[in-house]
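[1] A predicted structure for the sequence below; I have some questions about it.
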Amino acid sequence: MAKINSGSCLLLLVLLAASSSAIDISRLSGHRHYTKRSGPKDCMPYEPFRCPGGGICISIQYLCDGAPDCPDGYDENLRLCTAAKRPPVEETASFLHSLLASHGPNYLEKLFGNKARNALEPLGGVQKVAIALSESQTIDEFGDALHLLRPDVEHLRSVFMAVENGDIGLLKSLGIKDSELGDVKFFLEKLVNTGFLD
């Protein structure tokens, strides 16, 4: 009778698990581990990020860590990694909506220039602006994404720099109420702290 050592036994168990139809163990390299889902089921709570194509689920800790885990490398996509550091799009859209509700449909023209009239419609609407703020790595990339004029980008840069330098006078001159200053400053600082001015 042939003897099976513990290493062979472990390999046999891995191969048996890989042949099951529920979960395929598709990579076990160092400490990294992810599973390939063969059915339409959701990802497991410990691996909640589903790679595009729907087959592979990875742990959040492997997003934007410098090593691609999705077959197409999407977990290292620059836009995804920038958005992961920024406020959620829903939070940004809600913030922009609240400013428009408080100040009127042309208020954000003071931040983004003439194209921001009529509740940001010429820029594609609040949702598109929120997505651009989330995904654009820098203020210049944001300007390009929304086709802002260079003077409008430079004005926006001056607003962000004022916030970065603690100058709330500029925000007050734009008509931001004292009761809103803390929220506006906090929101703009989140963008500054994630490299928006770099």
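    Alright, I've got the coordinates. In this text, all values refer to a predicted model and were calculated from it rather than measured experimentally.
[2] Counting neighbours, what do you get for T138?
    14 (other CB atoms under 10 Å). All C-beta spots, glycine's among them, are computed from the backbone N, C-alpha and C.
[3] Roughly how far does it sit from I131?
    15 Å (CB to CB, to the nearest Å).
[4] Next up, the contacts around I131.
    I131 makes contacts with V89, as judged by CB atoms under 8 Å, 6 or more residues apart in numbering.
[5] so how far is M161 from it?
    Distance from I131 to M161, by CB to CB: 24 Å.
[6] N193 now?
    13 Å.
[7] those strands in this structure, which residues are they?
    Assigned by DSSP state E, the chain shows strands spanning 23-29, 32-37, 49-50, 56-58.
[8] hey, least reliable of those by pLDDT?
    Lowest mean pLDDT of those: strand 23-29, a mean of 37.
[9] Pretty sure C81 sits against C64.
    Yes. Counting by CB atoms under 8 Å, C81 touches C64, with 3.8 Å between them.
[10] Distance check, the residue nearest in space to the middle of the chain against E91.
    By CA atoms, centre = their mean, the chain has its centre lying nearest to A83, at 1.7 Å. In this view, A83 and E91 are 12 Å apart by CB to CB.
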